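Undergrad: okay, sequence plus prediction incoming.
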Amino acid sequence: MKVFVAGATGVLGRRVVGRLVAAGFETTGTGRTPQKRAELAEAGAQAVELDLLDRIDVMAAVTGHDVVCNLATAIPVGKSANHPAAWETNDRIRREGSRNLIEAAITAGACCYVQESVAFLYADGGDRLLDEAAPVHPTELTSACLVAEAETARFAKLARTGVALRFGQFYGYDSGHTVEAIKAARAGLPVELGPESAYRSLITTDDAASAVVAALSAPSGVYNVVDDRPLTRADHVDALATSLGVPTPTARSVNLEEPGPFSVMVRSQRVSNQKFKEVTRWQPRYPSASEGWSHAIAEWRMTHPAA
């Protein structure tokens with residue numbers, strides 16, 4: 001089978017490409033720069049330069065592929081993430097980019113489409129376990145995910161397989177958000193936003209990548225991809241500090257009233273992965289951040305020997 005991966009050089013995409021190539025799939029990935037495309041070629045994939053917002057180019061690039069995976073995002077990191085305008089490109093990728101890829105996949109006769117989405121969509125659930133039927137409460141930052149999910153469902157209605165994966169927050173040694181969290185913990189500063197008792201559902205970038213490959217054998221639908229045991233924000237920060245070998249910050253989290261678009265960042269979302277595990281037999285390698293942070297920090301130290 002021939003698999004097309006949009007967003008192939010991101011923290012998730014490059015891990016997915018490596019797994020697809022290792023599994024014997026003929027893989028094409030998108031790369032925005034010559035260096036990124038060279039990395040894809042070195043990994044054993046065919047590399048293409050592509051603007052997902054250019055419908056004609058997308059149609060041409062997807063031609064001949066059996067599977068399309070849309071993992072493309074442009075999520076801002078750092079202080080810029082506090083400004084709604086910084087999310088506009090990410091919003092367009094999910095709205096317009098997904099629509100272009102769906103049209104291209106339909107025209108190409110692809111049999112399977114996998115779409116990246118987020119578990120941040122869910123309304124605050126307190127300490128309740130949230131499955132895929134739980135109420136969602138999108139904001140300006142997440143509403144485009146529902147558009148991408150709807151496009152995926154449209155593909156599925158054509159007697160094909162359309163899968164949307166609602167990922168928990170990624171963490172891994174090369175994730176921008178992870179690096180920020182490490183810096184904050186080492187400086188003794190708050191790592192989180194929101195009540196310390198609220199739940200944060202996470203997933204390592206490695207476990208997220210294995211879920212994308214597992215999704216190729218899943219029936220159509222929306223699935224949560226998170227670890228087995230979501231932790232509270234307090235426990236999450238404790239696990240990070242323990243893995244770093246530093247004292248836990250006096251204040252683990254800043255409990256602020258976030259404005260409307262950013263309210264997703266302070267919600268309590270204790271999300272369940274049971275449905276996806278049942279249909280695919282996928283299993284995260286790291287059941288919770290208590291185990292996952294040790295792995296992520298070990299890899300981070302290998303790539304930051306002076307830290």
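TA: Perfect, thanks for sending it.

Undergrad: what segments of the stretch 151-300 of the chain are helices?
TA: Ranges of helices within the stretch 151-300 of the chain are 176-186, 205-215, 233-244, 274-280, 289-303, based on DSSP state H, counting those that start in this stretch.

Undergrad: quick check, pLDDT for residue 81.
TA: Looking at residue 81, its pLDDT stands at 58.

Undergrad: quick one: closest of the helices of the stretch 151-300 of the chain to residue 161.
TA: Using Cβ to Cβ as the measure, helix 205-215 is the one of the helices of the stretch 151-300 of the chain that comes nearest residue 161, at 9.1 Å. Placement of C-beta: from N, CA and C, glycine included.

Undergrad: who does that closest one touch, helix- and strand-wise?
TA: Counting contacts by 3 or more Cβ pairs under 8 Å, 6 or more residues apart in numbering; DSSP states H and E, helix 205-215 packs against helix 13-22, strand 161-167, strand 169-171, strand 221-225, helix 274-280.

Undergrad: got the CA positions of it in CSV?
TA: The C-alpha trace of helix 205-215 is given here as CSV (Å, rounded to 0.1, in the frame of the first residue of the first chain):
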residue,chain,number,x,y,z
THR,A,205,5.0,11.4,20.9
ASP,A,206,6.2,7.8,20.4
ASP,A,207,2.9,6.3,21.6
ALA,A,208,0.9,8.7,19.5
ALA,A,209,2.9,7.6,16.4
SER,A,210,2.2,3.9,17.1
ALA,A,211,-1.5,4.8,17.4
VAL,A,212,-1.5,6.4,13.9
VAL,A,213,-0.2,3.2,12.4
ALA,A,214,-2.7,1.2,14.4
ALA,A,215,-5.5,3.4,13.1
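
Undergrad: contacts for it?
TA: Outside of helix 205-215, the residues within contact range by Cβ atoms under 8 Å, 6 or more residues apart in numbering are 11-12, 15-16, 18-20, 23, 69, 71, 114, 163, 165, 167, 170-172, 174-175, 203, 223, 225, 227, 276, 280-282, 284-286, 292, 295.
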